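S.K.: show me how the following folds:
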Amino acid sequence: MSDPLSPEVSDRICKHMNDDHADAVALYAQTFGNSPDTEEAEMVSIDPQGMNIITKVNGESSTVRITFDHVLKDSEDAHYTLIDMIKQARQSVSNLKG
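M.R.: Numbers count the residues shown, from 1 in each chain. Now for the predicted structure:
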């Protein structure tokens, strides 16, 4: 059984994403957070409705809220949703490069 998205689970997901998938977090901000110039990004929280990312653009930090296309049921749903989103983001980048 998968864990509900408690603050502890949010912290675990954020730590994993920031430690192992920092490029994906930046791509989320660039693609879904309307922050195409993001240079660095850190996922600070995830909840059933969305995620909060601190971005750095031209040396300035700001928080970006990305809302999911559905309400997440649990940590497993979060896992698959984040994977789907990175696939979409990479496809979007690929299409722009043409």
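S.K.: quick check on the residue lying closest to Thr31 once chain neighbours are set aside: phi, psi?
M.R.: Once flanking residues are discounted, Thr31 sits nearest to Ala89: 3.9 Å by CB to CB, 6 or more residues apart in numbering. For the C-beta atoms, the positions are set from N, CA and C on the backbone; glycine is no exception. When read as degrees, to the nearest 10, the backbone of Ala89 gives phi -60, psi -40.
S.K.: from the chain's centre, how far out does stretch 34-52 sit?
M.R.: With CA atoms, centre = their mean, to the nearest Å as the basis, stretch 34-52 stands 5 Å off its chain's centre.
S.K.: please apply the same query to stretch 29-36.
M.R.: How far stretch 29-36 lies from its chain's middle: 10 Å, per CA atoms, centre = their mean.
S.K.: quote the end-to-end distance of it.
M.R.: Distance between the boundary residues of stretch 29-36 (CA to CA, to the nearest Å) amounts to 7 Å.
S.K.: next, the buried residues of stretch 44-53.
M.R.: 45-47, 50-53 (16 or more other CB atoms under 10 Å).
S.K.: if we can go back for a sec, check what pLDDT the residue nearest to Thr31 gets.
M.R.: If you check Ala89, the pLDDT there is 94.
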